Every structure is written in C-alpha cells, then in structure tokens.
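Asks: Generate coordinates for the sequence data below:
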Amino acid sequence: MPDTAVVNYAAEPESVELREIPEPTIADDEVLLEVEAIGVCGSDLHMWQGGISWTMNYPVVLGHEFCGIIRQVGTDVTGWAEGDRVVSETSATIDPDSPLTRRGLYNLDPSRQGYGALVDGAMRRYVPVPRRILHHLPENVPFEHAALTEPCCVAYNAVINNGRVKPGHRVLVVGPGPIGIFSAVMAKHAGAEVAVAGLPSDAARLAIAEAYGCTALVDGVEEWARERDGLGCDGVVDAAGASAALKLAVDVVRPAGWISKVGWGPQPLNFSLDPLVQKNVTLQGSFSHNWPVWEQIIMMMSNGQLDVTPAIGGTWALSDWHAAFETMHSREIVKAVLTP
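Replies: Numbering: from 1, shown residues only. Predicted coordinates for the structure are as follows:
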C-alpha cells in the first residue's frame, strides 16, 4: 500500500508537497518504525524556502527528528522487539570502517548520509531505521517530547561538549531559534548566567527563553556582556549562523573566552578575525551528535531535568504540514511537531 509523505522535490523555493510513496521495506539489520511524532527543524524550513548550504538528494522525504513504535524487526536485529517505543538518531548511513566511526565520531564521517537530506526521512507513516541508531524511549517521555530529542542533542554537543561553560560563567546565545533556546537551557544546566539575543520579530521566542530563566535581549547585548568587569562574557554560542552573529560573538567575548558556532550560514564573513587572535579566543565548530549524547538527553527528559514543554508551539497532522511550517517560519513558536 502507498504511504503519504512530505517530499522536497527540487532546490527552488516552495518545492515541497504531500506525495504518495511506496510503503518501505527493511533490510536485515533494520526495523520498520511507525512514526508517532516528528519535529520540524529549521533546516526543513530552509529546504522549503530554498535557502540551504548543504548537499541534497532530490526528491527526498523530509524529517529527521522522529520517534515511534517498532512494527517489524529485521532478521539480523537482536535486542529489539515489535511494540518497543524508540527514538532514532539521524545518521541513516555511515562507513563502519571510517577512522572517525571507530572513534565513535560517526557524526563527522564524510560519507555520512542523514535522514531528510540524502536519505528519505520520517515525515511519513513508516520509516526503516538501522538498529545501531535506535534508543529505548522510557514510558514517561511522551512521543511529542521525544521528537525534540535531536535538537536538544545538537545543543548539548554545542554547549557541554564543544563549549567550555562552567558554573558562574556568563554565556550569550545569539539566535532564539530551537537550537539557540536549547543551547541556553544547556548552559543554564551547567550553572551559567545566560542571555539570549534576538530581533524584535523574535519576541515570542524570546519569551520562551525568559520562561527558561534566561535574560532576553533585543538591544543592549554588549552592555550585558560587559556588565561584570567590562571585559565581556565568558562564552558565546552562535546559533544564528549569519556573518553578523559571529562578528557580534567576537566583539563581546572576553579575552581567553570561547565561541561555539553551531549555526549554519553560507555568507562570507566580511570582517577581520584579528580580534580573535588578539584576545586569544577559542572558536569551536559544533556539528550534530553521537550515541552518548542521545543517552544523556533521553535520561534528562525521563528524570525531569529537561522539560521541553515550553518550546513546543503545537502539534499538527502530517496533512497540515504547510500550516506547521508557516507557523514556525513566522517565529511565533519555537518548535512545531507533526503527528502522522
């Protein structure tokens, strides 16, 4: 029987539509997952709007933030059973023999192919998933919450693993999108005093940052950063990606401070990096996540440390994907969740 999916069929803006696709089959090392919830990512919006800076495979089913119930198990799969509640990582294919994979850094394997870009994603009813990227989902974590595991993992990796945040630090997050909001949450968990900077059009999202105990800034960013001793804030998370965001980070970070850049942006910098040298600042890129990060986030959701409820702006049926995309694109909400 055919399945219905949200398909990005070309690079031009608005090239996304609902299409009927064949119901998938699974390989021996895969399970067939019935999707219960999918988070809409900012990258999904970029693909819908035609503004991306990464490689795509057209046509492709969108969606890489997903969870569900196992409905079929491949012949070589052990440790999993039909009916298990699971959440899946995004690395659909990797090279198991890559030196990076052998170190557990398969997220950085150049041959990696992710769901929703190079491999058909999860904005459909059923999706095949390799056993190696499955995680058990505790009963007390709702599917709508589990659909936000992936962006929380991105933020955890950017702040905890690739940042140098410590208790008492003052950390600025530039960009109040989903990754920015969750980066702020992670910095708060690490004991930092946190501000989130955005535009006037980000008012609704900045209110969510305040609900998480952060300072919301549209103006006065430099004043906040230098409030303590005039030298700047200890760390900056660039979750916006635009050239101006990185320039702001370089300007306001203190000497010997750190910048974790997780936001994407294809624009040239158009400014000098000399202050980075002069101030002896560490500029660290952060991409994706791996197995232990997922286990940490799932544990934090299950034990109550991480509450994603304030970030969920609503749930939409898969057939209403366009309304969900529009609502999130308008910056009225932080995250939209689709339920097939």
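Asks: All the helices of the stretch 101-250 of the chain, residue numbers only.
Replies: For the stretch 101-250 of the chain, the helices defined by DSSP state H, counting those that start in this stretch occupy 143-146, 149-156, 178-189, 203-211, 221-225, 243-252.
Asks: Just the residues contacting the fourth one, thanks.
Replies: Put plainly, it is helix 203-211. Helix 203-211 has contacts (C-beta atoms under 8 Å, 6 or more residues apart in numbering) with 173, 176-177, 180-181, 184, 196, 198, 215-218, 310-311, 331-334. (Glycine included, C-beta is placed from N, CA and C.)
Asks: quick revisit: mind putting the helices of the stretch 101-250 of the chain in JSON lines, distance to R124, mean neighbour count and mean pLDDT included?
Replies: JSON lines is the format used below for the helices of the stretch 101-250 of the chain (distance: least, C-beta to C-beta, whole Å; neighbours: other C-beta atoms under 10 Å; pLDDT from 0 to 100):
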{"stretch": "helix 143-146", "distance to R124": "16", "mean neighbour count": "24", "mean pLDDT": "98"}
{"stretch": "helix 149-156", "distance to R124": "17", "mean neighbour count": "27", "mean pLDDT": "98"}
{"stretch": "helix 178-189", "distance to R124": "22", "mean neighbour count": "27", "mean pLDDT": "98"}
{"stretch": "helix 203-211", "distance to R124": "28", "mean neighbour count": "18", "mean pLDDT": "98"}
{"stretch": "helix 221-225", "distance to R124": "41", "mean neighbour count": "18", "mean pLDDT": "98"}
{"stretch": "helix 243-252", "distance to R124": "34", "mean neighbour count": "20", "mean pLDDT": "97"}
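Asks: Kindly tell me how buried I312 is, as a neighbour count.
Replies: Using other C-beta atoms under 10 Å, I312 has 19 neighbouring residues.
Asks: Wait, it touches M328, no?
Replies: No: look at I312 against M328 with C-beta atoms under 8 Å: they stay out of range, at 11.0 Å.
Asks: Kindly point out which residues are neighbours of both of those two.
Replies: V334, K335.
Asks: Among the contacts of helix 203-211, which ones are in strands?
Replies: Those of the contacts of helix 203-211 mapping onto strands are V173, V196, T215, A216, L217, per DSSP state E.
Asks: quick check, nearest of those residues to S260?
Replies: Within the ones in strands among the contacts of helix 203-211, proximity to S260 (C-beta to C-beta) peaks at V173, which comes in at 9.6 Å.
Asks: Just the pLDDT for the residue lying farthest from the centre of the chain.
Replies: Relative to the centre of the chain, the most outlying C-alpha is that of D229, 33.5 Å out, by C-alpha atoms, centre = their mean. pLDDT recorded at D229 is 97.
Asks: Next one: it relative to P275, how far apart?
Replies: D229 is 18 Å from P275, where distance means C-beta to C-beta, to the nearest Å.
Asks: for the spatially closest residue to K188 that is not a sequence neighbour, what are its contacts?
Replies: Leaving aside its chain neighbours, K188 sits nearest to V194 (5.4 Å; criterion: C-beta to C-beta, 6 or more residues apart in numbering). Residues counted as contacts of V194 (C-beta under 8 Å, 6+ apart) are R170, V171, L172, V173, A184, A187, K188, G213, C214, T215.
Asks: what about V194, distance to N157?
Replies: V194 is 17 Å from N157, by C-beta to C-beta.
Asks: What of V173?
Replies: Using C-beta to C-beta, V173 is found at 15 Å from N157.
Asks: Between these two, which is the more surrounded one?
Replies: V173 (35 against 25).
Asks: my read: the more buried one touches F182, true?
Replies: No: using C-beta under 8 Å, V173 is not in contact with F182; the gap is 9.5 Å.
Asks: Contact partners for G163?
Replies: Here G163 is in contact with V171, A187, G235, V237, W258, S260, Q284, S286 (criterion: C-beta under 8 Å, 6+ apart).
Asks: ok so, going back, list buried residues within the contacts of helix 203-211.
Replies: By neighbour count, with 16 or more other C-beta atoms under 10 Å, the contacts of helix 203-211 hold 173, 176-177, 180-181, 184, 196, 198, 215-217, 310-311, 331, 333-334 as buried.
Asks: farthest-separated two in those?
Replies: Using C-beta to C-beta, the buried ones among the contacts of helix 203-211 reach their maximum pairwise distance at T215 and I333, which is 20.7 Å.
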